[in-house]
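*Asks:* just to be clear, the model below is a prediction. Sequence and coordinates:
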Amino acid sequence: MAGTRDCYEEAARSVAAGKLSCCAPCAPEYFGAAAYPPEQLAGLPQAVIDSAMGCGHPVGAAGLSAGDVVVDLGCGTGIDVLLAARQVGRSGRAVGVDMTPGLVELARGYARQAGTGNVTFHCARIEQLPLPDRCADVVLANGTLSLSPDKPAALTQAARVLRPGGRLTLTDFILRDGLDAEQRRVAGEQSGCVTGTLAAAEYLEHLVEAGFAHPEVRLDHRIAPGMYLGLVTAERAHQPRPLP
């Protein structure tokens, strides 16, 4: 955990200095700002666009509506929070959570620059969300779960803060099912700084165990042998499993 936080603290310093580079050079066309339609980025501070560190566009896949409360896990400098805030409108709210103080500080500053008032940011781990039960309609994450040292805990927390029937929409690194240990290691090395990536079947299993229904995993872009960028969706079950 400390290593990941240190990595992203360094990223925060690089953002502030205007020196951030893509952390996944294997397929830069799918990472950061390249994952978003340019017209959707209009009006955002250039710094938040330049510092985008995700691997997809979960806001575009989430089907947000006016009035929704959205929680973004591992929000970084806040690009998905700001985009979600636009879609949910003044009657809704977008909440970002990130464990890296430097990134949270930048995100708050970019939100002020954008004049976005319906946002909140928390410095916290996604495995221990500082949010009440059943407070959100949608939970997003953009390349975050692969970095979590305790993915079952992170998914269980996501289920906890969602209202019954609430939606989970994640873009993430995903392994093809059936890889052996050596193939998994090689795939991880070739895809950059990501560690602990789940295979599609493992994702489905963890989602059900965390209290989600109708889980789906879609593999979209092959970025290394056995490694894909994909979309993960599910709904919070009306009777999720209790927290341990």
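*Replies:* Structure received. Residues are numbered from 1 along each chain as shown.

*Asks:* before we move on, which element is the residue positioned nearest the centre of the chain in?
*Replies:* In the chain, the residue lying closest to the centroid (C-alpha atoms, centre = their mean) is A141, at 1.9 Å. Assessed by DSSP states H and E, A141 sits inside strand 136-142.

*Asks:* take that strand, keep the C-alpha atoms, and write them as PDB.
*Replies:* Extracted as PDB, the C-alpha positions of strand 136-142 are listed here (Å, rounded to 0.1, in the frame of the first residue of the first chain):
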ATOM      1  CA  ALA A 136     -24.900   6.600  -3.500                       C
ATOM      2  CA  ASP A 137     -26.700   5.700  -6.700                       C
ATOM      3  CA  VAL A 138     -23.600   4.900  -8.700                       C
ATOM      4  CA  VAL A 139     -20.000   3.900  -7.800                       C
ATOM      5  CA  LEU A 140     -17.300   4.400 -10.400                       C
ATOM      6  CA  ALA A 141     -13.600   3.500 -10.600                       C
ATOM      7  CA  ASN A 142     -11.100   4.000 -13.400                       C
END
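
*Asks:* could you point out which element follows that strand?
*Replies:* helix 151-161.

*Asks:* orientation of that following helix relative to strand 136-142 in degrees?
*Replies:* Put simply, helix 151-161 runs at 150 degrees to strand 136-142, going by axes from the mean of the first three to the mean of the last three C-alpha atoms, to 10 degrees.

*Asks:* which elements pack onto helix 151-161?
*Replies:* strand 69-73, strand 136-142, strand 162-175, helix 200-210 (3 or more C-beta pairs under 8 Å, 6 or more residues apart in numbering; DSSP states H and E). The C-beta positions use only the backbone N, C-alpha and C, and glycine is treated the same way.

*Asks:* rewinding a little: roughly how far apart are the residue nearest to the centre of the chain and C135?
*Replies:* 17 Å (C-beta to C-beta, to the nearest Å).

*Asks:* also Q87?
*Replies:* In this view, Q87 and C135 are 18 Å apart by C-beta to C-beta.

*Asks:* pick out whichever of these two has more residues nearby.
*Replies:* More crowded of Q87 and C135, by other C-beta atoms under 10 Å: Q87, with 19 against 16.
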